[in-house]
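Chemist: Dropping the sequence and predicted coords here.
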Amino acid sequence: MTGAQAKVAVAAVTFDRPGELALLLEGLAAQTAPIHSIALVDSGTVPATDVVASGGSNINYLRSEANLGGAGGFAFAILAAIASGAEWVWMMDDDGHPEDEHCLAELLKAADEHELDVVSPLVAATGDPGRLSFNFRLKGLITNERARLEPLGYLPNMVHFFNGALIRTSVFSTVGLPDMKFFIRGDEVDFLSRVRKAGMKYGTVTTVAVRHPASWSEMKPIFRGFLTPVVPEGEYKRFCYFRNRGYLTRKYRNLRWFSADIVGFPYHFLTTGNLRGLAAWFSAYSKGFRGTGFGPPPGA
């Protein structure tokens, strides 16, 4: 069921971002399409109970004393959302929020019109909403200019997980939940690969958006942008990303990813004189490629 009668539950995760979480809950409360419930998983070091108490009566607050990461937190939240009887699950991270009150309604409308299993809004950069937090490739060209996409209205077979993605609950029964072993980074790529393999229909509505911090500083374009290695900020984020990238390359036997990685990352680190970074990349990537190096984060 879609349209105004659809039962939608939000699956959200938070970790020590009370200000951003409050903004998210405000944005959800303002939606013109009704939200049945909000499954909020909090793995932070300080419980967000004060923010939740003022966020509305439909919040199912799920406190986790273990840090589940983004992947584990979403898996927990999705199960709770499905258990509420929802037909759709709207995915939200705590550092993002719907741009306006019509976001959910437009996603439901597009899902109905195009018979979609998954539908996403654009993800606009919080500090510069005229640009997108993540790139799109149109006719072979990469762009993050919102003005180029908005007039198109709808982009079939394009989606960015998990920020603002609206997903039928039947999708999870078919392809499973986000894989918590990724912890952070890569779980969304794995999930999209499973959705594609299952032959499900998905697309992006370009007339609505969620706001989310951009990751442009992590992108290191080389060869005039032909390749763009991603180098996250923070040692543990880099380890997870490199490890998960190696794992996914092997899992899906993606020769294009592998070719880009074994050229792009060494080139970036060598040309910047960062031999320590090169060694860290090789160690993490090779661990992931062998299916090792997973487990709880340090100190957990």
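Modeler: Done, it's in.
Chemist: from here on, contacts and neighbour counts on C-alpha atoms
Modeler: Will do.
Chemist: Work out for me the element Asp50 sits within.
Modeler: Counting by DSSP states H and E, the element that carries Asp50 is helix 49-53.
Chemist: What residues sit buried inside that helix?
Modeler: Val51, Val52 (16 or more other CA atoms under 10 Å).
Chemist: Now do the very next helix or strand once past that helix: everything it contacts.
Modeler: The C-terminal neighbour of helix 49-53 among helices and strands, as given by DSSP H and E, is strand 59-63. The contact list for strand 59-63, computed with CA atoms under 8 Å, 6 or more residues apart in numbering, reads Ser37, Ile38, Ala39, Leu40, Val41, Asp42, Ser43, Pro47, Val52.
Chemist: Which of the residues in strand 59-63 are classified as buried?
Modeler: Neighbour-count burial for strand 59-63 [16+ other CA under 10 Å]: Ile59, Asn60, Tyr61, Leu62.
Chemist: hey, what's the second one bridged with?
Modeler: So the one you mean is Asn60. Here Asn60 shows beta-bridge partners Ala39, assigned using DSSP bridges.
Chemist: Tell me the confidence at it?
Modeler: Among the per-residue scores, Asn60 shows a pLDDT of 98.
Chemist: circling back to that earlier point, between the buried residues of strand 59-63, which is closest to Ser84?
Modeler: Of all these, Asn60 has the smallest distance to Ser84: 9.6 Å, by CA to CA.
Chemist: how far away is that closest one from Phe15?
Modeler: Noted for Asn60: a distance of 16 Å to Phe15, by CA to CA, to the nearest Å.
Chemist: List the strands paired with the lowest-mean-pLDDT helix or strand in the chain, with their directions.
Modeler: Sorting the helices and strands of the chain by mean pLDDT, DSSP states H and E puts strand 141-145 at the bottom, at a mean of 87. Neighbouring strands of strand 141-145 in its sheet, by DSSP bridges, are strand 131-138 (antiparallel).
Chemist: Any buried residues in the partner strand, and which?
Modeler: Within strand 131-138, the residues that count as buried by 16+ other CA under 10 Å are Arg131, Leu132, Ser133, Phe134, Asn135, Phe136.
Chemist: now stretch 208-221
Modeler: If you call a residue buried by 16+ other CA under 10 Å, then stretch 208-221 has these buried ones: Val208, Ala209, Val210, Arg211, His212, Pro213, Ala214, Lys220.
Chemist: how far out from the middle of the chain is it?
Modeler: 11 Å (CA atoms, centre = their mean, to the nearest Å).
Chemist: Any idea how far apart the tips of that stretch sit?
Modeler: End-to-end distance for stretch 208-221, by CA to CA: 28 Å.
Chemist: ditto for stretch 115-135
Modeler: One end of stretch 115-135 to the other measures 25 Å (CA to CA).
Chemist: For it, buried residues please.
Modeler: Result for stretch 115-135 [16+ other CA under 10 Å]: buried residues 116-126, 129, 131-135.
Chemist: Okay, and which of these map to helices?
Modeler: Among these, none falls in helices (DSSP state H).
Chemist: The residues you listed in strands, which ones?
Modeler: Those of those mapping onto strands are 118-125, 131-135, per DSSP state E.
Chemist: could these be laid out in CSV, adding pLDDT and distance to Pro298?
Modeler: Output for these, formatted as CSV (pLDDT from 0 to 100; distance: CA to CA, whole Å):
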residue, pLDDT, distance to Pro298
Val118, 98, 35
Val119, 98, 36
Ser120, 98, 34
Pro121, 98, 35
Leu122, 97, 34
Val123, 97, 31
Ala124, 97, 32
Ala125, 96, 31
Arg131, 96, 35
Leu132, 95, 33
Ser133, 94, 29
Phe134, 89, 29
Asn135, 87, 32
